[in-house]
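Q: mind looking at a prediction? Sequence and model below.
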Amino acid sequence: MAKKPSILIVYTGGTIGMVKDYETGALRAFDFSQISSKIPELQHLHCSIDTISFEDPIDSSNMNIDYYIQIAEMIAKNYHDYDGFVVLTGSDTMSYTSSAISFMFENLQKPVIFTGSQLPIGDLRTDAKENLITSVQIAAAQENGSPVIQEVGLYFEYKLYRANRTTKISAEQFEAFSSMNYPPLVESGVHLNFNYPLLLRPEGKAEDLIFRKKLDNNIAILKLFPGITERVVRSYLQIEGLKGIILEAYGAGNAPSEPWFLEILKEFQEQGIYVVDITQCEGGSVILGHYETSAALRNLGVINGKDITTETAVAKMMYLLGENLTKSEFKRYFEQALRGEMSN
Ligand code: ASP
């Protein structure tokens, strides 16, 4: 009989690892190594499961690049010993974290599935059980001896998405994430339905995993709104050490065509600060030059973020800044899909 797939659950914190004290009503973290006492069903899955945990689990609002490296190192160290990985984090920043991890691993050939929950594992109405059990099942799914999923995914409420296509859209609904520009990779109904043509396959053959952990967070987001003042936009020029700005523009990537705005964009270029144009819309893409209001951006050398999400633009910028690229390499890599994060 074929060997059972082995899955490593990496617990970093978040609501999923909490139990409710029914006497006081307060939520408290529980010892995650005892997970099978909370979800005994895990023992009945056709795989072996081990768990590791952050020493001090965190609320994901405290997530930062040091923790990204910690998560990625836990996976890299165990990469050859397990068939798949399930990473539990709080949902609040899960799209940022999972996107960052997707860039940190090049030539990934095993599943890394992020999940969490809206209600703690110890709550009677919890969504944690289904999210965790199905994530483990997806991570353990194999075909002809290879994992079906060979990328970083995010599973929540019956859908596995490509992680770097997701956004958290609800603090209330169990269906907390959306992926407007890329369909789900797996849908969980009576059966697990894998959408095979959508799955990412690493280009290299059986090459080893390439682990890149130099991230640079000298970046900022500039979200436009009607009435934004020159003073506010100009203040970004004063940020010491700033290397990149994600410009959350309107619609198909449009921005004001007022001379002061274009002048400041020119100054960003002169200071060597990269500017990436993305859209505030949840769905759809930047089309630089489609309107006069974005043609000016293109002429100023602004990078086209196409249909990338804000969360993934942040992660990609941190990753590419860490790679010491020339100006033209940076633009070229940003404008092409490296991990399926944008449409080419
Ligand atoms: N505040 C929590 C966190 O992101 C919410 C959650 O776990 O979903 O850590």
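A: Here it is on my side, so go on.
Q: drop to CA atoms for contacts and neighbour counts, all remaining ones
A: Fine.
Q: surely Tyr319 and Ile219 touch.
A: No: with contacts counted by Cα atoms under 8 Å, Tyr319 stays clear of Ile219, the gap being 11.1 Å.
Q: what number of residues lie near Ile278?
A: When neighbours are counted by other Cα atoms under 10 Å, Ile278 registers 29.
Q: ok, it to Asn193 distance?
A: 32 Å (Cα to Cα, to the nearest Å).
Q: would you pull up the residue in the stretch 151-300 of the chain closest to the ligand?
A: Ala171 (8.1 Å; Cα to the nearest ligand atom).
Q: ok, now the chain?
A: Gly90 (3.1 Å).
Q: so how far is Gln109 from Ala313?
A: 23 Å.
Q: same question, Arg212
A: From Arg212 to Gln109 the distance is 15 Å (Cα to Cα).
Q: neighbour count winner among the two?
A: Taking other Cα under 10 Å, Arg212 and Gln109 do not tie; Gln109 has more neighbours (27 against 16).
Q: check which helix or strand covers that one.
A: Of the helices and strands defined by DSSP states H and E, none includes Gln109.
Q: and the end-to-end length of stretch 303-313?
A: End to end - Cα to Cα - stretch 303-313 spans 11 Å.
Q: just list the residues touching the residue of the chain closest to the ligand, thanks.
A: Going by Cα atoms under 8 Å, 6 or more residues apart in numbering, Gly90 touches 13-16, 59-61, 116-117.
Q: now the residues you listed as a markdown table including neighbour count, secondary structure and pLDDT?
A: Below are those laid out as a markdown table (neighbours: other Cα atoms under 10 Å; DSSP: H, G, I helix; E, B strand; the rest coil; pLDDT from 0 to 100):
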| residue | neighbour count | secondary structure | pLDDT |
| --- | --- | --- | --- |
| Gly13 | 25 | strand | 91 |
| Gly14 | 25 | coil | 90 |
| Thr15 | 25 | helix | 88 |
| Ile16 | 30 | helix | 88 |
| Asp59 | 16 | coil | 90 |
| Ser60 | 19 | helix | 93 |
| Ser61 | 12 | helix | 93 |
| Gly116 | 31 | coil | 96 |
| Ser117 | 27 | coil | 95 |
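Q: and for Leu124, the neighbour number?
A: 10.
Q: shouldn't it be within a helix?
A: No: Leu124 is assigned coil when assessed by DSSP: H, G, I helix; E, B strand; the rest coil, not a helix.
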